[in-house]
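Chemist: Fold the stuff below for me.
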Amino acid sequence: MKVELLIFCFIFLFTAAPLIGTATARLSAAARRNLEVKRHLSRLNKPSLKSIKQSPDGDVIDCVHMSHQAAFDHPHFKNHTIQMRPSYHPEGLFGQNEKVSKNEIGPKPITQMWHVNGRCPEGTIPVRRTRKSDIFRASSINKYGKKNKKSLPRPPTSAAPEPDLINQNGHQHAIAYVEGDQYYGAKATINVWDPKIQQPNEFSLSQLWILGGSFASDLNSIEAGWQVSPDLYGDNNTRLFTYWTSDAYQATGCYNLLCSGFIQISNEIAMGASIFPISSYHSSQYDISILIWKDPKEGNWWMQFGNDYVLGYWPAFLFSYLSDSASMIEWGGEVVNSESDGEHTTTQMGSGHFPDEGFGKASYIRNIQVVDESNNLRAPKDIDVFTEQSSCYDVRLGKNGEWGNFFYYGGPGRNPNCQ
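Modeler: Numbering: from 1, shown residues only. Next up, the predicted model:
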């Protein structure tokens, strides 16, 4: 009996040991990932002077001291002095009585949902709190808050015929663009919608791009607009966003304030927070104005939201080509087409309707302008358009006295002519 018991115990240990070891390894890997996520959260979610909770969109906004924002975790920012206002503005020199938002009299419009429950005090910036679930949705901690490196719209040129982008990277665009000059910024007013997203790993956005360098490994890009991205934010809300990269989305850059880069000075607007209200089909239309320009004195790239909010800047030393000027400006929409069911995605771009439906039905970007070498806003010359598959998403240019240069863009994705 004792011999049989010993044999049974030996067999059990021999067969169970690998399973126990595997389970322990799995537990250890899970524990390590949890620890890494916790550390990353502590880097992103800085101690706050005030927190604004119970926002209608579920966000928590932390009011973080301006000098404690994530940008200053990077060694290059160690001795950086925050530039509290741009030296020059494309619409003229800032005078002492022309501060962008602080001296405005009267109530300010609610432009983001969290404003319903409070505001951040002077000297702080509003930071959307990152949750553990936000990071776990990313394929890795290193890829959290980063774009796919093949997500940039690359219009064809006579020197380099356009490859099949539809199959190459799964991103599709409908854009207007200018190139062949030196650009020191751009401005646009972008119609705001809430396009439907088919798969959580897909997104839909409308933005402007400030570009310098080649489309290979050294591209510099500054971007801003609105996006719906369930994977990044955990919901389908339309949110304000920014992005930057100095190496074609490979290692540098991120969305919003999710890495060192953009330095925010405004206590009014939160990067990544929901925009409200939203346009409705054949009903009320809403839009946001975005201006990005290079300060001719300090060299930093500034961003303004609407007419009232200068949000902050990207320091010049982040970039190589953009340390001087941009060589291309793009405006328009982008979606991810994952073709998860073997067919084209039904993820919408813009309003989800084609440009020929016009105002109130199709999405628009109007009053598109560039900043020239004299730091003046002007109408762009020789605007061209680009889309990989016009039967899915299209773009149509226009021009009139009130809207200046504009275009309608977007579409429904999969339809009888787009499979």
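Chemist: Once you drop chain neighbours, what's closest to Tyr281?
Modeler: Spatial nearest neighbour of Tyr281, chain neighbours left out: Lys361 (6.0 Å); criterion: C-beta to C-beta, 6 or more residues apart in numbering. No exception for glycine: its C-beta is placed from N, CA and C like everyone else's.
Chemist: Please work out how many residues are found near Val37.
Modeler: Residues contacting Val37 under the criterion other C-beta atoms under 10 Å number 19.
Chemist: can you check Asn417 too?
Modeler: Neighbour tally, Asn417, other C-beta under 10 Å: 9.
Chemist: List the residues that contact it.
Modeler: Residues in contact with Asn417, defined by C-beta atoms under 8 Å, 6 or more residues apart in numbering, are Ser391.
Chemist: The residue nearest to Tyr281: which element?
Modeler: Element membership for Lys361 (DSSP states H and E) is empty, with no helix or strand holding it.
Chemist: Let's test this: what are the backbone torsions at it?
Modeler: Main-chain dihedrals, Lys361, degrees, to the nearest 10: phi -130, psi -50.
Chemist: do Met113 as well
Modeler: Dihedral angles of Met113 (phi, psi; degrees, to the nearest 10) stand at phi -60, psi -30.
Chemist: How about the one 10 residues further on?
Modeler: Reported as degrees, to the nearest 10, the phi and psi values for Gly123 are phi 90, psi -10.
Chemist: That one reaches Cys63, doesn't it?
Modeler: No: using C-beta atoms under 8 Å, Gly123 is not in contact with Cys63, being 9.1 Å away.
Chemist: ok so, going back, what is the burial count for the residue nearest to Tyr281?
Modeler: Number of residues near Lys361 (other C-beta under 10 Å) recorded here: 18.
Chemist: Roughly how far does it sit from Asp247?
Modeler: Look at Lys361 and Asp247: by C-beta to C-beta, to the nearest Å, they are 40 Å apart.
Chemist: What of Asp218?
Modeler: Following C-beta to C-beta, the distance that separates Asp218 from Asp247 is 6 Å.
Chemist: Repeat that for Arg378.
Modeler: Distance, Arg378 to Asp247, by C-beta to C-beta: 30 Å.
Chemist: So between those two, which is more surrounded?
Modeler: Neighbours were counted for Arg378 and for Asp247 using other C-beta under 10 Å; Asp247 has more, 17 against 11.
Chemist: got a list of what that one touches?
Modeler: 217-219, 253.
Chemist: again, only this time at 7 Å
Modeler: Asp247 sits next to 217-218 when contact means C-beta atoms under 7 Å, 6 or more residues apart in numbering.
Chemist: Quick check: pLDDT value at it.
Modeler: The per-residue pLDDT reported for Asp247 equals 92.
Chemist: and what of Asn79?
Modeler: Asn79 carries a pLDDT value of 85.
Chemist: Tell me if it really is in a strand.
Modeler: No: Asn79: not assigned to a strand; according to DSSP: H, G, I helix; E, B strand; the rest coil it is coil.
Chemist: Could you check how far it is from Pro355?
Modeler: On the measure of C-beta to C-beta, Asn79 and Pro355 end up 49 Å apart.
Chemist: Comparing those two, which residue is more hemmed in?
Modeler: Shown here are Asn79 and Pro355; by other C-beta under 10 Å, Pro355 has more neighbours (25 against 6).
Chemist: Next, that one: phi, psi?
Modeler: Per degrees, to the nearest 10, the backbone of Pro355 is at phi -60, psi -30.
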